[in-house]
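Peer 1: Okay, here's the prediction I keep looking at, along with the sequence it came from:
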Amino acid sequence: MRKNKLGLGAMAAVSLLAATSAHAGGLERGGYNIDLLFDPSDYAAEAAVTYVNPQRKLNNVRDSNTGTPGVTPGGDGNVNSRPSSGIGATEGYWVPRIGFKASIGDAVNCMADYSEPWGAHLNQGANWAGANENIETKIDVENYATTCSYSFDVGPGKLRVIGGGFYQEVSGFQERLAAYLGAPVSSQIGVGRLDMEGSGWGWRAGIAYEIEEYALRTSLVYNSAVDLDNLSGTLNLSQLPAMPGTPFGKILPVYGNVSLPDALEFKFQTGIAPDWLAFGSVKWTDWSQLQSIPFCAKGTGPCTPGLPTGGTNKELTSIDLLYRDGWTVSGGVGHKFNDKWSGALSLTWDRGVSTGVGTHTDTWTVGAGVSYAATENVEFRIAGALGVLTSGSSGATVRDGRTYGQRASYDFGDDLVSAISTSLKVKF
């Protein structure tokens, strides 16, 4: 086989395809991407943006907890008179990424990048039968990272040792209807809002092996969890009349803690014929550590899951996810048409992480991308994807003796997700 230069051609389109799968399980957006580190140029800068448009619709929605506040324990009132089918649950979103890579001598390469690996945006609005569960939830995670590698000869190729660190800032809010205990039915409901923010550090480590002659590269990279021990914010129940001894009518400072997931990803590519490349990846993400995220009033001691019991347990509200671990498997082929144009096709399966609560079921995605080398130093890329969000249901689920998802139940069918991504790379 003659020397395969797909690393400078079709792999440009292959790299961009990863961004179009930015609606995977859990809170995944852009995930982690260090492909720029492998660019053979001495210096390279890249800017990319992806727009993802999931079209999840909810049907057969029922307000499950219709008890009268102050009479039925935990009662939220009855909003089943509101619309119950064809409810749009998801919002389209942008995923940006920018990075710069530099070679330091023959063996060391380093890159710095900004990305948004995790996030979520649900926005059913207040006019649906599940408004006691959610009106709008939005979570954004910004990631600032530095990654380096050291390479040395091993056999016919080079072995890289990879390491780095990253800092993440998290912000978000959740709004839903809240019930006022003991109030008349006509005034028992108001909107409660939880605002939160936090930050934390993580690290990555991995290895890669490359044989340039065959466009062969394999890599295994681990990204650590990010502990958000400083998660804090406010719980705003000011829309509800004040009631002594309760949080109603108040804006309370709250705190909590959670760990964003660690992830392990194996990637490979290899030339299979002149100007043809096969590639694939397998990724595990520890979404199961995101179960119920409690928020407690500041100054009440350790914050643990469970409703307030008048003494030891001070949870005021929670974000209930009940995720399981995620697996993402992708494969495809790339082809270099000529010195200017390259393309790639891919198929991705992402295992759903929802376990009775939520809408994160299995996702199947087909992607296509092209790369255009305008000059020796400038590349333009564009990719698109179309996928299926598989059907399922959400409702009351018992976990460790506690019931979650009891505020509303609903079904959803097979829905579409689409994405388009573009990038510009300058190398010199």
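Peer 2: That came through, no problem.
Peer 1: Helices of the protein, start to end?
Peer 2: For the chain, helices defined by DSSP state H occupy the ranges 10-17.
Peer 1: Run through it and note the low-pLDDT ranges.
Peer 2: 1-24, 67-77, 180-188, 300-301, 306-313 (pLDDT under 70).
Peer 1: With adjacent residues omitted, what lies nearest to the residue positioned nearest the centre of the chain?
Peer 2: By C-alpha atoms, centre = their mean, the mean C-alpha position of the chain lies nearest to Glu28, the distance being 1.5 Å. Nearest in space to Glu28, with sequence neighbours left out and distances taken as C-beta to C-beta, 6 or more residues apart in numbering, is Trp118 at 6.4 Å. Heads up, the C-betas are built off the backbone N, CA and C, glycines and all.
Peer 1: contacting residues around the one you found?
Peer 2: 26-29, 139, 141, 260 (C-beta atoms under 8 Å, 6 or more residues apart in numbering).
Peer 1: Dump the residues you listed into CSV; add distance to Leu216 as well.
Peer 2: Compiled in CSV, the contacts of Trp118 are given as follows (distance: C-beta to C-beta, whole Å):
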residue, distance to Leu216
Gly26, 31
Leu27, 33
Glu28, 28
Arg29, 30
Ile139, 38
Val141, 33
Leu260, 33
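Peer 1: Going by distance to Thr403, which of those wins?
Peer 2: Gly26 (22.0 Å; C-beta to C-beta).
Peer 1: How about the contacts made by that closest one?
Peer 2: Taking C-beta under 8 Å, 6+ apart as the test, what Gly26 contacts is 118, 261, 285, 287, 290, 321, 323, 326, 353, 360.
Peer 1: and the fourth one, how many residues sit next to it?
Peer 2: When you say that, I think you mean Trp287. 26 (other C-beta atoms under 10 Å).
Peer 1: any chance of the contacts of Gly26 in CSV, with distance to Gly392 too?
Peer 2: As requested, the contacts of Gly26 are exported to CSV (distance: C-beta to C-beta, whole Å):
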residue, distance to Gly392
Trp118, 22
Pro261, 21
Thr285, 19
Trp287, 16
Leu290, 18
Leu321, 15
Tyr323, 14
Gly326, 15
Val353, 12
His360, 9
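Peer 1: Give me the residues contacting stretch 101-110.
Peer 2: Against stretch 101-110 from outside (C-beta under 8 Å, 6+ apart): 36-39, 41-46, 111, 146-152.
Peer 1: just to revisit the earlier point, I'd say the residue nearest to the centre of the chain and Ala120 touch.
Peer 2: No - Glu28 lies out of contact with Ala120 (C-beta atoms under 8 Å); the separation is 9.2 Å.
Peer 1: roughly how far apart are Ile211 and Gln269?
Peer 2: Per C-beta to C-beta, to the nearest Å, Ile211 is found 11 Å from Gln269.
Peer 1: The two: which is more packed in?
Peer 2: Gln269 (25 against 16).
Peer 1: Neighbours of the residue nearest to that one when sequence neighbours are not counted, how many?
Peer 2: In space, and not counting its chain neighbours, Gln269 is closest to Phe279: 4.0 Å by C-beta to C-beta, 6+ apart. Counted by other C-beta under 10 Å, the residues lying close to Phe279 total 25.
Peer 1: wait, Asn127 sits on Ser81?
Peer 2: No - Asn127 lies out of contact with Ser81 (C-beta under 8 Å); the separation is 10.4 Å.
Peer 1: what about these two, which has more around it?
Peer 2: Higher neighbour count among Asn127 and Ser81: Asn127, with 11 against 8, using other C-beta under 10 Å.
Peer 1: Find the nearest non-adjacent residue to that one, please.
Peer 2: Arg82 is the one closest to Asn127 (C-beta to C-beta, 6+ apart), at 5.6 Å.
Peer 1: Quick one: the strands in the stretch 51-200 of the chain, in order.
Peer 2: Taking DSSP state E, counting those that start in this stretch, the strands of the stretch 51-200 of the chain run over residues 57-63, 87-88, 93-104, 108-115, 119-122, 136-154, 157-179, 189-211.
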